[in-house]
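In: Here's my sequence, what's the structure:
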Amino acid sequence: MSSAAINFSEKLAMFTELWSPRVVAEMNDYQFKLVKVKGDFVWHDHQETDEVFVVLKGTMHIAFRDRDVQLSAGEMYVVPKGVEHKPYADEECHMLLVEPRSVVNTGEAGGELQAKNDLWIQQGSRVLVR
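Out: Residues are numbered from 1 along each chain as shown. Predicted structure coming up:
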């Protein structure tokens, strides 16, 4: 167990890849993931779990088939399980995602934006937070 607080800005500075969530902490079976996004993601859903989006920096949108939700820094939104959605951001946006350990970012949609799961933020070969 680490005695240091998790600094989101420091952790976000450790990677540049877009749409590639990085785990910074776990609580029970849930992971807290930092992610940088820009452009369009894919239409997808998560049949077994809700998904939490917390915007730390910038602005992003979550498109639904019947509406669009805009989120700015300091705001969050919970997408209910089974609801098809497509996140997107015109400019780079930094977020915290909260979801169960086994969740694949693209649901069953797959594709080139499907990220590796359980990818922790690391520096060299040393895991910084775990």
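
In: C-alpha only now, for contacts and for neighbours.
Out: Fine.

In: Packing partners of the longest strand anywhere in the chain?
Out: Longest strand of the chain, by residue count under DSSP state E: strand 86-100. With contacts defined as 3 or more CA pairs under 8 Å, 6 or more residues apart in numbering; DSSP states H and E, strand 86-100 has these neighbours: strand 30-40, strand 51-57, strand 59-63.

In: Okay, and the beta partners of the residue nearest the centre of the chain?
Out: Centroid check for the chain by CA atoms, centre = their mean gives Leu97 as the closest residue, at 3.9 Å. Beta-bridge pairing for Leu97 (DSSP bridges): Lys33, Phe53.

In: Contact partners for Ala89?
Out: 37-40, 59-61 (CA atoms under 8 Å, 6 or more residues apart in numbering).

In: List only those of those residues flagged as buried.
Out: Buried by 16 or more other CA atoms under 10 Å: 37-38, 40, 59-61, out of these.

In: In the residues you listed, find the pair that's most separated.
Out: Farthest-apart pair in these is Asp40 and Thr59; separation 13.1 Å (CA to CA).

In: Just the terminal-to-terminal distance for stretch 9-20.
Out: 16 Å (CA to CA, to the nearest Å).
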